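A.B. asks: Quick one: sequence plus predicted model below, questions after.
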Amino acid sequence: MTINKTLFSDHSGKNILITGATSGLGYAAAIKLAIQGAHVFVLARNAQKGATLIDDIKTNHPYAKGKIEIISCDLGDLSSITPACQKVRKATTQLDMIIHNAGVLNMKFKETADKIEETWQVNVLAPLLITHLLMDLLVKSADPKLIFTSSALHQGKINFENPEWRNQYGLVSAYKHSKLSLILLAKLLAEKLKGYNVGVYCQHPGFVSTGLGDTNGWMTKMAFKLFGKSPEEGSKTLLYLTDTPNSELENGAYYARSKVKSTTKESYEMETASELLRTVQKYLKEYIHSSSLVFDGES
Ligand SMILES: NC(=O)c1ccc[n+]([C@@H]2O[C@H](COP(=O)([O-])OP(=O)(O)OC[C@H]3O[C@@H](n4cnc5c(N)ncnc54)[C@H](OP(=O)(O)O)[C@@H]3O)[C@@H](O)[C@H]2O)c1
């Protein structure tokens, strides 16, 4: 992957955790962040793809000031998240950014190892669990950031009766629901974390030619390949957020094309966001053993 050598910003000494960096725009972002000096922790389910990423940075970007470390973690298996976060804790006592970028878009209803619908788990539950488990490391940073990759596809309402869309599954409904959830939760966390200096943001990368939708038939695959922009282009808003100090960003906002954009009216309903957080906590109760700035202790 070719990356422009120009450095936007120096991240030397920073520790950045990112998911969804074995492919697509997250891959481009991880390379760039390592070039900029960060120690990038990549939570990845596929060891082979992780090795390719490491090989890429070493071979094609030997001038990189930082490094990439792969930590095994399958967001579709909640039991793998706590050990992965423990490995992060062993490696560092502070995180400067947590970037929740992994996501799935499924044509058909699919269950994870936890017997939970995959879009709901990978796109929403897993990032909240990681945030809960690592929040104490994040608040130690001088300029901490929590970034979620959402999408312009976030219309609709939160389906509290059936967040997994069982027996009413549709690719668009489940995906939009997961991305609306992230916008709501980001706004709520921005509010909750006021006073801890944590900047919380959502970003939309645009339509990007990535692996998203690769398993949804050749037409979807072709559409992404033909009409999507490059992963490097697609990573620009995310990198704008990583490179800009919190003081120059709008906390809780949704960014696209590196600018704050308004979202649907449902995405500003903070009572819905609070109920959503409680719903997420119920799903994760087996893995929440203490309170954090995200969740209120054992549920
Ligand atoms: N592409 C677009 O046009 C577009 C538009 C709006 C928003 N987005 C969002 O952008 C983000 C990045 O997607 P992308 O377009 O770059 O697609 P992508 O190339 O398919 O990348 C998705 C990433 O998520 C990872 N992932 C998926 N399930 C996982 C799991 N169970 N455990 C660990 N990692 C998992 C993938 O890992 P593997 O490599 O192992 O598969 C991959 O690294 C997603 O949140 C997506 O919803 C994309």
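C.D. replies: Now that the structure is in, tell me what you want to look at.
A.B. asks: quick one: T22 is in a strand?
C.D. replies: No. Using DSSP: H, G, I helix; E, B strand; the rest coil, the assignment for T22 is coil, not a strand.
A.B. asks: Pretty sure T215 sits against K110.
C.D. replies: No. T215 is beyond contact range of K110, at 9.3 Å (criterion: CB atoms under 8 Å). Quick note: C-beta positions are derived from backbone N, CA and C, even for glycine.
A.B. asks: got the residues of the protein near the ligand?
C.D. replies: With CB under 6 Å from any ligand atom as the criterion, the chain meets the ligand at residues 19-26, 45-46, 49, 74-76, 101-104, 122, 149, 151, 204-205, 207-208, 210-212, 228.
A.B. asks: could you pull out the strands for the stretch 101-250 of the chain?
C.D. replies: Ranges of strands in the stretch 101-250 of the chain, per DSSP state E, counting those that start in this stretch, are 145-149, 199-204.
A.B. asks: so what's the closest residue to the ligand within the stretch 51-200 of the chain up against?
C.D. replies: Here the stretch 51-200 of the chain gets closest to the ligand at one residue, G103, 2.3 Å apart by CB to the nearest ligand atom. Neighbouring residues of G103 by CB atoms under 8 Å, 6 or more residues apart in numbering: 20, 122-123, 149, 178, 212.
A.B. asks: and if you look at L212?
C.D. replies: Contacts for L212 (CB under 8 Å, 6+ apart) come out as 24, 103-105, 224.
A.B. asks: what is the residue positioned nearest the centre of the chain paired to in the beta sheet?
C.D. replies: In the chain, the C-alpha nearest the mean C-alpha coordinate belongs to H100, at 1.3 Å (CA atoms, centre = their mean). Counting by DSSP bridges, H100 is bridged to F148.
A.B. asks: can you list the contacts of G103 in a markdown table and add distance to P163?
C.D. replies: Shown next, in a markdown table, are the contacts of G103 (distance: CB to CB, whole Å):
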| residue | distance to P163 |
| --- | --- |
| G20 | 21 |
| V122 | 13 |
| N123 | 11 |
| T149 | 19 |
| S178 | 9 |
| L212 | 21 |
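A.B. asks: confidence score at T92?
C.D. replies: Looking at T92, its pLDDT is 98.
A.B. asks: And T263, by the same measure?
C.D. replies: 98.
A.B. asks: Which residue comes closest to it once chain neighbours are left out?
C.D. replies: Using CB to CB, 6 or more residues apart in numbering and skipping residues adjacent in sequence, the residue nearest T263 is Y254, 5.0 Å away.
A.B. asks: ok, the one you found touching K261?
C.D. replies: Yes. Contact between Y254 and K261 holds when scored by CB under 8 Å: they sit 5.7 Å apart.
A.B. asks: Contact partners for C85?
C.D. replies: 130, 133-134.
A.B. asks: how about a cut-off of 6 Å?
C.D. replies: Listed by CB atoms under 6 Å, 6 or more residues apart in numbering, the contact set of C85 reads 133-134.
A.B. asks: Show me how to select, in ChimeraX, the buried members of the residues of the chain next to the ligand.
C.D. replies: Buried members of the residues of the chain next to the ligand can be picked out in ChimeraX with the line below, counting by 16 or more other CB atoms under 10 Å:
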select :19,20,21,22,23,24,25,26,45,49,74,75,76,101,102,103,104,122,149,151,204,205,208,210,211,212,228
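A.B. asks: Which of the residues of the chain next to the ligand fall in helices?
C.D. replies: 24-26, 49 (DSSP state H).
A.B. asks: Now for these: which two are most distant?
C.D. replies: By the measure CB to CB, L25 and K49 form the most distant pair in these, at 14.6 Å.
A.B. asks: and N123, how many neighbours?
C.D. replies: If you count neighbours by other CB atoms under 10 Å, N123 ends up with 27.
A.B. asks: Model confidence score at it, please.
C.D. replies: Confidence for N123, expressed as pLDDT, is 98.
A.B. asks: One more: the one 3 residues further on?
C.D. replies: The predicted local confidence for A126 comes out at a pLDDT of 98.
A.B. asks: Might one say that E164 is in contact with T119?
C.D. replies: No. Using CB atoms under 6 Å, E164 makes no contact with T119, being 8.3 Å away.
A.B. asks: between these two, which one's more packed in?
C.D. replies: Neighbours were counted for E164 and for T119 using other CB under 10 Å; T119 has more, 28 against 20.
A.B. asks: That one reaches S178, doesn't it?
C.D. replies: Yes. Under the criterion of CB under 6 Å, T119 makes contact with S178 at 5.0 Å.
A.B. asks: quick one on the thing from earlier: which of the ones in helices among the residues of the chain next to the ligand sits closest to the ligand?
C.D. replies: Relative to the ligand, the closest of those is G24; by CB to the nearest ligand atom it sits at 2.0 Å.
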